[in-house]
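# Got a predicted structure plus its sequence, pasted below:
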Amino acid sequence: AGCANDDRPGLIPVPPATTGPTANPSPTGIGLLQPGNAAGTLAASPIEIDLAGTVVTTWGYNGSVPGPEVRLKRGETVRARLTNALSDETTIHWHGINLVNAMDGVPGVTQDAVRPGELFEYEFRVPDAGSFMYHAHVGHQLDLGLYGPLIVTSDVEEPLPYDREYVVMIDDWRDGLGVTEPGVHSGHATAPPRGPAGGFDFLGGFGGNKGSSASSSPSPSPTADDAAGEPEEDAPPPPGANPGERLGGKVYPMYLINGRPAADPQTFEVRSGERVRLRLMNIGADTGFVVAIAGHRMTITHTDGMPIEPVEVEAVRLGMGERYDVVVTADNPGVWQLAALPEAKKGFARAVLRYTDAAASDPPSVDERPAELSGRQAPYDELHYAGERTRPNTGPDRTFDLTLTSNSRINGQRYPDADPLEVAAGELVRFRLTNTADLAHPMHLHGHPFWVATPSGRGPVKDTVLVPPRGGVVEFDFVADNAGAWLFHCHNHYHMENGMNREVRYL
Ligand code: C2O
Ligand code: CU
């Protein structure tokens, strides 16, 4: 449990509560988890943010969505004090980090949830460089904005050199706590987050997409039962959707990149000739995205933080929880749309790529779709791991056959009434995942990067893998080298909340 020793070196005081609307994004000066000072506070609290003129009340870290960027060097130690000013329990999970079990942030599995008014101090070493994320691991809190990027740098040579970099954190943002008119306080700052709230439609509500959060009710429905509103995954798809491709069914009022809606996009500045590394991350709870940049190709260099042999593509598809790092060569001066298209949903997320050495020109219009969005992607089979890890040159010591069914079951069981997956230390463990549902499931394993099995035998190392629908099969292997109790679950947070989890336990 967290200790309240305020004299601990390196930690800074808990910041005052946010009092008014803040422009977004602007983490309030306490993103001190930086190289040389990898310690700081992540203050979870109700906040108000201005999304292109619509002031909304939501939950976030340190006054913004996303929370502050946590950036440190490989081998360094994160010391993060989580303070809870929410009206609900919370924890932080460090998504993709191969860390010590007690710091993994899963309530009821690795720690007690942090109650309102309490705090918890996370302290762990980061063994791998890469693009990671942190997010709340309680209920639907991630969907309200309790997330941020976690970047681990390294002196080791990268697959491709680059001159500058940007984080591109993509979210299906749920206005779960209500919307107020600009400048008006909602009065719902302490509303319970659970349950569907105004402006948030379930699958049955397709077609009723209001397209604007401004029309949604400011009153949350704290007593509504999520389970009752949970759609069957086999429900008919919305018109125009390709059910074989979709990842989720919920309609969102806004899609954000780095906390900015399409109407107020962030600008990434580049100069001709530069190589720009983009750290693409899908922190959406229920939405897959396809990302492309008009006028440019991207070269994938990392999958979930882990290096691969570079592969040039026009578009990248990201399931929830996945990250891809790409390098873009700035060789086409102008002002360009970077688009993240939510799969099978209306709406758009975008940023703008602007060459500072090009003549001024108008930015792309709000929903201009780069032709590259329908261009070439790279399936897992075409990605080859290029890092330092060596997969044991043996067959698996233990294999789990796991069938992902509709209605968020794994082998018919609904967590927590589900058998743990028991492994022994040192084993090479194989998961064989078969998805019989009509939706792709992005499956995430805590604490253990894994090798995706591909025909080449040199597949990418990842921590989250998209299992295609309707009989799709994905296999991966990991070494049981990190003792503890670890969650394996669908990173569609509504599937997860509906029981699509298992615990991996060491014998
Ligand atoms: Cu980002 Cu248990 O997940
Ligand atoms: Cu799922």
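Looks like it came in fine. Ligands and ions are numbered 1, 2, ... in the order given.
# For the residue of the chain most remote from its centre, give its distance to V366.
Distance from the centre of the chain peaks at A359, with 35.6 Å (CA atoms, centre = their mean). Using CB to CB, to the nearest Å, one obtains 22 Å as the distance from A359 to V366. For every residue, glycine as well, the C-beta is placed using N, CA and C.
# Leaving aside the residues adjacent along the chain, what's closest to the closest residue to ligand 1 within the stretch 51-200 of the chain?
Of the stretch 51-200 of the chain, the residue with the smallest distance to ligand 1, taken as CB to the nearest ligand atom, is H95 at 3.6 Å. Here the nearest residue to H95 in space, its sequence neighbours aside, is M133; by CB to CB, 6 or more residues apart in numbering that works out to 4.4 Å.
# who touches the residue of the stretch 51-200 of the chain closest to ligand 1 in this structure?
Contacts were defined as CB atoms under 8 Å, 6 or more residues apart in numbering; by that measure H95 touches F132, M133, Y134, H135, L150, G321, H444, D463.
# so which two of those residues are the farthest from each other?
Greatest spacing in these, by CB to CB: L150 and H444 (14.9 Å).
# where do the strands sit along the stretch 301-450 of the chain?
If DSSP state E, counting those that start in this stretch is used as the criterion, the strands of the stretch 301-450 of the chain fall at 306-313, 316-318, 323-329, 335-342, 349-355, 398-405, 409-410, 421-423, 428-435, 441-445, 450-452.
# Quick check: mean pLDDT of stretch 99-115?
Stretch 99-115 shows a mean pLDDT of 97 in the predicted model.
# export it as PDB, just CAs?
Output of stretch 99-115 as PDB, limited to C-alpha atoms (Å, rounded to 0.1, in the frame of the first residue of the first chain):
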ATOM      1  CA  LEU A  99       7.900  -4.600 -14.600                       C
ATOM      2  CA  VAL A 100       7.800  -6.000 -11.100                       C
ATOM      3  CA  ASN A 101       4.400  -7.600 -10.400                       C
ATOM      4  CA  ALA A 102       3.500  -5.500  -7.400                       C
ATOM      5  CA  MET A 103       3.600  -2.300  -9.400                       C
ATOM      6  CA  ASP A 104       1.400  -3.500 -12.300                       C
ATOM      7  CA  GLY A 105      -1.600  -1.600 -11.100                       C
ATOM      8  CA  VAL A 106      -4.300  -4.200 -11.300                       C
ATOM      9  CA  PRO A 107      -6.800  -3.800  -8.400                       C
ATOM     10  CA  GLY A 108      -7.500  -7.000  -6.600                       C
ATOM     11  CA  VAL A 109      -4.600  -8.800  -8.300                       C
ATOM     12  CA  THR A 110      -1.400  -6.800  -7.700                       C
ATOM     13  CA  GLN A 111      -2.600  -4.200  -5.300                       C
ATOM     14  CA  ASP A 112      -5.600  -2.800  -3.400                       C
ATOM     15  CA  ALA A 113      -7.300  -0.100  -5.300                       C
ATOM     16  CA  VAL A 114      -6.400   3.500  -4.200                       C
ATOM     17  CA  ARG A 115      -9.500   4.900  -2.500                       C
END
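# Report the buried residues of that stretch.
Buried residues in stretch 99-115, counting neighbours by 16 or more other CB atoms under 10 Å, are found at L99, N101, M103, D104, G105, V106, P107, V109, T110, Q111, A113, V114.
# quick one: which of these is nearest ligand 2?
Proximity of these to ligand 2 was ranked by CB to the ion; the top entry is V106 with 17.5 Å.
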